[in-house]
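Peer 1: Just a sequence and a predicted model for now, questions to come.
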Amino acid sequence: HIHSNQAKYYPDADDLNPFGVPWGFHAFGMHGNTHGKKSYPVVLDINLDLDRINELVDYLQACNYVDESVTSFTMQMLLYNTHSPFFVNVKLKANYDSSGVYHIAYDIT
């Protein structure tokens, strides 16, 4: 997708580093980050359709944001039910260990 249409997505050569990868991801500290490292957040709007989500995942792979060296990720969602006056924060953490097992923990507040 992106690799075959790179000129369409990045018409300006300055958008790519010397390896042909987009300059797109910069780490920054996030409130509530307990592991002391900077994060690379990705925000996906709930109103996206499946085609657009697939395009974004393709983009993340093309930019080497998601590859075989990723060993952990955190997904956080703020949910709201219009039938109740509550917001719910759902946090899922997944870690992949060297034995090939994913360890998943979650917190719902």
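Peer 2: Cool, got the structure.

Peer 1: For residue 16, which residues count as its bridge partners?
Peer 2: Counting by DSSP bridges, residue 16 forms beta bridges with residue 22.

Peer 1: and the residue most central in space within the chain, what does it touch?
Peer 2: Nearest to the geometric centre of the chain sits residue 42, at 3.9 Å (C-alpha atoms, centre = their mean). Going by C-beta atoms under 8 Å, 6 or more residues apart in numbering, residue 42 touches 56, 60, 65. (Each C-beta comes from the backbone N, C-alpha and C, glycine too.)

Peer 1: what's the following helix or strand after the helix or strand hosting the first one?
Peer 2: Think residue 56. Assigned by DSSP states H and E, residue 56 belongs to helix 50-62. Moving toward the C-terminus from helix 50-62, the next helix or strand (DSSP H and E) is strand 72-80.

Peer 1: who does the helix or strand following that following strand pair up with?
Peer 2: Following strand 72-80 in sequence order, the next helix or strand is strand 87-96 (DSSP H and E). Sheet pairing for strand 87-96, assigned by DSSP bridges, gives strand 72-80 (antiparallel), strand 102-108 (antiparallel).

Peer 1: Report the beta-bridge partner residues of residue 89.
Peer 2: Here residue 89, judged by DSSP bridges, has bridge partners residue 78.

Peer 1: so how far is residue 78 from it?
Peer 2: Distance of residue 89 to residue 78, computed by C-beta to C-beta, to the nearest Å: 6 Å.

Peer 1: so where's the chain uncertain?
Peer 2: 1-7, 9, 21-39 (pLDDT under 70).

Peer 1: one step back: of the contacts of residue 42, select the buried ones using a ChimeraX command.
Peer 2: The buried subset of these, as determined by 16 or more other C-beta atoms under 10 Å, is captured in ChimeraX by this line:
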select :60,65
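
Peer 1: dump the residue contacts of residue 79.
Peer 2: 87, 88, 89, 90.

Peer 1: again, only this time at 7 Å
Peer 2: 87, 88, 90 (C-beta atoms under 7 Å, 6 or more residues apart in numbering).
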